[in-house]
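# based on what follows, work out the 3D shape:
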Amino acid sequence: MMNKTGLIGILLSLMVLLASCGGGKKSKEISIAYVNWAEGIAVTNLTKVILEDQGYDVKLLNADLAPVFTSLSRKKADVFMDAWMPVTMADYFNQYGDNLEYLGEVYDNARIGLVVPDYVTVNSIKDMTKDKARFSGEIVGIDAGAGIMKATDQAIKEYGIGYKLLTSSGPAMTASLKKAIDKKKWIVVTGWTPHWMFDRFKLHMLEDPKKIYGEAEKIYSIAWKGFTKKDPFAAELIRNIHLNDEEISSLMTAMEEAQNDESAIIRAWINEHSKLVNSWIPER
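Now for the predicted structure:
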């Protein structure tokens with residue numbers, strides 16, 4: 001009959017064996033929040049694929065801006081790749097900034113404003129009252145909590161144009177734009193660059209003499225405060241992701257045409273820009 005010491009030895013041996021056969025090192029998990037803005041969807045999916053290639057298990061979380069910032073501040077989401085400053089998302093940074101940290105600058109020439117097709121002869125927001133009937137007195141907007149919507153509410157008041165701002169979404173806005181262009185109808189939408197719609201359609205952004213929409217903005221990657229200390233490798237990788245005009249335009253256009261095969265499109269883009277992407281990967 002086996003004594004107690006022998007039984008304990010066997011049990012310990014079994015525990016060691018099971019641990020050694022436990023499937024290897026578990027991949028690290030990262031959650032990336034995003035909103036339905038074209039550039040954010042594209043950059044988020046790019047970041048996801050790059051992190052997955054580095055052994056991470058990446059979860060994407062789609063939400064409106066307010067829940068995104070709330071989730072980041074409470075560590076319910078790790079990263080957001082589409083933070084516009086100093087104008088568009090200033091209110092959210094004022095509210096949640098103490099619980100957030102900047103990682104890197106994704107893009108440095110972003111703009112928001114009111115956008116019309118090139119066949120529309122209006123060139124400035126201050127002149128929109130003259131052709132209000134041709135625009136049906138409406139501005140097609142996006143998500144209610146977006147900074148561009150708040151800026152547009154302010155523009156309607158300060159320019160005294162008396163338009164109604166319609167709430168929708170990024171995809172719904174571009175669908176309305178395409179429908180109007182197909183029929184050569186006048187339409188004005190809340191728009192921004194970078195966006196694939198400027199490659200697809202002939203558009204121009206209306207002049208904003210009062211600078212309500214600000215000047216050129218920057219897009220940052222951000223995380224909850226302390227994320228860099230928790231995962232310095234991922235933080236450095238994300239910090240290194242920076243795109244110029246051509247790079248972000250080609251990425252967004254490819255994503256817009258991807259339909260349901262985003263991962264394959266992203267990998268094709270990475271292969272075409274392998275030198276750039278490899279330069280983002282830190283040494284372990």
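# okay, CA-based contacts and neighbour counts for the rest of this
Will do.
# list the buried residues in stretch 197-214.
197-198, 204-208, 212-214 (16 or more other Cα atoms under 10 Å).
# tell me how far the ends of it are from each other?
Taking Cα to Cα, to the nearest Å, stretch 197-214 runs 21 Å from one end to the other.
# other residues contacting it?
Residues outside stretch 197-214 that contact it (Cα atoms under 8 Å, 6 or more residues apart in numbering) are 87, 111-118, 122-126, 148, 151-152, 154-155, 174, 191, 249, 253.
# go again with 7 Å.
87, 112-118, 123-125, 151, 155 (Cα atoms under 7 Å, 6 or more residues apart in numbering).
# show the subsequent helix or strand relative to whichever strand in the chain runs longest.
Determined from DSSP state E, the single longest strand within the chain is strand 100-117. The element immediately downstream of strand 100-117 (helix or strand, assigned by DSSP states H and E) is strand 138-140.
# please name the nearest non-neighbouring residue to residue 34.
Spatial nearest neighbour of residue 34, excluding adjacent residues (Cα to Cα, 6 or more residues apart in numbering): residue 62 at 5.1 Å.
# could you do residue 189 as well?
residue 140 (4.6 Å).
# which residues does that neighbour contact?
Contacts of residue 140 by Cα under 7 Å, 6+ apart are 165-167, 173, 188-190.
# switch to 10 Å and redo it
114-115, 149, 164-170, 172-174, 176-177, 187-191 (Cα atoms under 10 Å, 6 or more residues apart in numbering).
# got the residue ranges for the strands in the chain?
With DSSP E as the criterion, the chain has strands spanning 29-34, 57-62, 79-85, 100-117, 138-140, 164-166, 189-193, 203-205, 217-224.
# which one of these is the most hemmed in?
strand 79-85 (a mean of 25; mean count of other Cα atoms under 10 Å).
# quick one: it to strand 217-224, angle?
140 degrees (axes from the mean of the first three to the mean of the last three Cα atoms, to 10 degrees).
# C-alpha coordinates for strand 79-85, CSV please?
The C-alpha trace of strand 79-85 is given here as CSV (Å, rounded to 0.1, in the frame of the first residue of the first chain):
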residue,chain,number,x,y,z
VAL,A,79,-7.1,51.6,-26.8
PHE,A,80,-8.8,54.0,-29.1
MET,A,81,-7.1,54.8,-32.4
ASP,A,82,-9.2,57.8,-33.5
ALA,A,83,-9.0,60.6,-31.0
TRP,A,84,-9.3,64.0,-32.7
MET,A,85,-7.7,67.1,-31.1
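# adjacent strands (with direction) for that strand?
Here strand 79-85 has these sheet partners by DSSP bridges: strand 29-34 (parallel), strand 217-224 (antiparallel).
# would a markdown table of those with distance to residue 76 and mean pLDDT be doable?
Formatted as a markdown table, these follow (distance: least, Cα to Cα, whole Å; pLDDT from 0 to 100):
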| stretch | distance to residue 76 | mean pLDDT |
| --- | --- | --- |
| strand 29-34 | 8 | 98 |
| strand 217-224 | 9 | 97 |
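# and residue 72, what does it touch?
Residue 72 touches 31-33, 78-80, 96, 99-101, 222-225, counting by Cα under 10 Å, 6+ apart.
# next one: it from residue 37, what distance?
18 Å.
# check residue 81 too.
11 Å.
# from the chain's centroid, how far away is stretch 172-183?
Stretch 172-183 sits 22 Å away from the centroid of its parent chain (Cα atoms, centre = their mean, to the nearest Å).
# ok, back up a step: for the residue nearest to residue 34, give me the pLDDT.
Residue 62 is assigned a pLDDT of 96 by the prediction.
# pLDDT weak spots in the stretch 101-250 of the chain?
By pLDDT under 70, the stretch 101-250 of the chain contains no weakly predicted segment.
# how about residue 159, nearest residue that isn't a chain neighbour?
residue 126 (5.9 Å).
# next, name the residue at the spatial heart of this protein.
By Cα atoms, centre = their mean, the chain has its centre lying nearest to residue 40, at 2.0 Å.
# excluding sequence neighbours, find me the nearest residue to that one.
residue 82 (5.2 Å).
# quickly list what the residue nearest to residue 189 is bridged to.
Applying DSSP bridges, one finds that residue 140 bridges with residue 166, residue 189.
# please tell me how far the residue nearest to residue 40 sits from residue 52.
Taking Cα to Cα, one finds residue 82 at 19 Å from residue 52.
# and for residue 229?
Distance, residue 229 to residue 52, using Cα to Cα: 20 Å.
# which one of these two has more residues nearby?
Between residue 229 and residue 52, counted using other Cα atoms under 10 Å, residue 52 has the larger neighbour count: 15 against 9.
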